[in-house]
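Trainee: Sharing a sequence plus its predicted fold:
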Amino acid sequence: MREVVNVGPGPAYPYSHAVVAEGRFAFVSGQGPFRDGRVVPGTIEEETRVTLENLMAVLAACSSGPEHVVRCGCWLVDLDDFAGFNAVFREFFPEAPPARATVRADLVAGKVEIDCIAVVP
């Protein structure tokens, strides 16, 4: 069983915001610092906060939340932003943070992108 989950208008490209597999696992596509379809430019802390708010909205639509995230993939345009990114990431995952990979990448928009896999309780 596979359920597609989109929050608000569907993505502009051929992917889903998330797919819930077997009713147990949410695979959330990469989220960025977007509001109303536009990048919200700012510091790495501001862009990370908006990105994680978007990720949380998709998780909620999947009937999950940050305490159920088991893995995140994180991409930063500039690895010099790693400390600021981590400070905000820690706010959203204060205890028992998920497994994570963080790499430098050229992104389509913004300074940060985050995807995740979560359990659906």
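Mentor: Right, received. Where do you want to start?
Trainee: quick one, helices of this structure?
Mentor: For the chain, the helices defined by DSSP state H cover 44-61, 82-92.
Trainee: Please identify which of the ones you listed is closest to residue 4.
Mentor: Residue 4 sits nearest to helix 44-61 of all these, at 10.7 Å, using Cβ to Cβ. Using the backbone N, CA and C atoms, a C-beta is placed for each residue, glycine as well.
Trainee: So which other helices or strands are in contact with that closest one?
Mentor: Where contact means 3 or more Cβ pairs under 8 Å, 6 or more residues apart in numbering; DSSP states H and E, helix 44-61 is packed against strand 18-21, strand 25-31, strand 34-35, helix 82-92, strand 112-119.
Trainee: Counting by contacts, list what the first one packs against.
Mentor: Contact partners of strand 18-21 among helices and strands, from 3+ Cβ pairs under 8 Å, 6+ apart: strand 2-5, strand 25-31, helix 44-61.
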